[in-house]
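Chemist: Show me the folded form of this:
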Amino acid sequence: MNKKDKLPPLEDPGLQLNSNAAREAWRVFGIMSEFVEATDRLQVIRPAVSIFGSARTEPQHRYYQLAETIARKLSDAGFSVISGGGPGIMEAVNKGAYYGRSPSVGLNIQLPHEQAANDYQDIALSFRHFFARKYMFVRFASAYVVMPGGFGTLDELLEAMTLVQTRKSARIPIILVSTPFWSGLVDWFRNRLVGEKMINPQDMDLIQLIDEPEQVVEAIFRHYESRGFTALPTEHELILNL
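Modeler: Numbering: from 1, shown residues only. Below you'll find the model as predicted:
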């Protein structure tokens, strides 16, 4: 037997496995703490509207100004307003709500670039994990308002539509603001997804295209006028099992 064959390995694989398992366990505790803290702090904000949009939109852009106006009107109408807490349209949303009657909420995400918390948040939470943050957007929203944005905005839009379509979430208004920006995507949904039977025609009713801030507020109130904003027992059960 070669002398080298008698030597123990420099690193015990078992020790490495135990170390990885411990790190995973602590990671789970970190995720749980994000859920617990956010759920506790956001209990007081209902009814609320989540607004999504680009982090790259400058304050002088009309999308920024439109988002700020919509958020202010929703805040003055009694809705807490939730955004991603960062720059761009997220800042516009928080700014509009901050100077309104109701709380401005920022669900910040820790990223290596783009995301820095804006200064217009009455309630500010910081997340390391996207899925915990996305859950809070859904958990406390009575409506979604989707401004122009990039991949992150599309991700949040499609997740919201999927949750409602599959009845994992209550049916709530999903409003796309700026017809010129969204019409191409909506046409593609209709022509390709419906046309090739990837979704049902009635799934297109999940979304509305609206351009005017006042009409955004009216559409949300119209949806709830016959039932109020309190979650029905069946909807509460959906939220618990999301």
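Chemist: Okay, strands next: where are they in the chain?
Modeler: For the chain, the strands defined by DSSP state E cover 48-52, 80-83, 104-109, 123-127, 143-146, 174-177, 207-210.
Chemist: out of everything not next to it in sequence, what's closest to the residue positioned nearest the centre of the chain?
Modeler: Nearest to the geometric centre of the chain sits Phe137, at 3.9 Å (CA atoms, centre = their mean). Of all residues beyond its chain neighbours, the one nearest Phe137 is Ser50 (4.6 Å), with distances taken as CB to CB, 6 or more residues apart in numbering. C-beta coordinates here come from the backbone N, C-alpha and C atoms, glycine included.
Chemist: which ones are touching that neighbour?
Modeler: 82-83, 137-138, 140-141, 143-145 (CB atoms under 8 Å, 6 or more residues apart in numbering).
Chemist: mind giving me a markdown table with these and columns for pLDDT?
Modeler: A markdown table is the format used below for the contacts of Ser50 (pLDDT from 0 to 100):
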| residue | pLDDT |
| --- | --- |
| Ile82 | 97 |
| Ser83 | 96 |
| Phe137 | 89 |
| Val138 | 87 |
| Phe140 | 90 |
| Ala141 | 93 |
| Ala143 | 96 |
| Tyr144 | 97 |
| Val145 | 98 |
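Chemist: Any chance of a markdown table for those, columns distance to Met90?
Modeler: Below are the contacts of Ser50 laid out as a markdown table (distance: CB to CB, whole Å):
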| residue | distance to Met90 |
| --- | --- |
| Ile82 | 10 |
| Ser83 | 4 |
| Phe137 | 12 |
| Val138 | 17 |
| Phe140 | 16 |
| Ala141 | 15 |
| Ala143 | 17 |
| Tyr144 | 14 |
| Val145 | 12 |
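Chemist: between those residues, which is closest to His61?
Modeler: Ser83 (16.0 Å; CB to CB).
Chemist: and the gap between the closest one and Arg190?
Modeler: Ser83 is 29 Å from Arg190, where distance means CB to CB, to the nearest Å.
Chemist: Could you check how sure the model is about the longest helix along the chain, as an average pLDDT?
Modeler: Longest helix in the chain, counting residues (DSSP state H): helix 13-42. Here helix 13-42 scores 73 as its mean pLDDT.
Chemist: orientation of that helix relative to strand 123-127 in degrees?
Modeler: 170 degrees (axes from the mean of the first three to the mean of the last three CA atoms, to 10 degrees).
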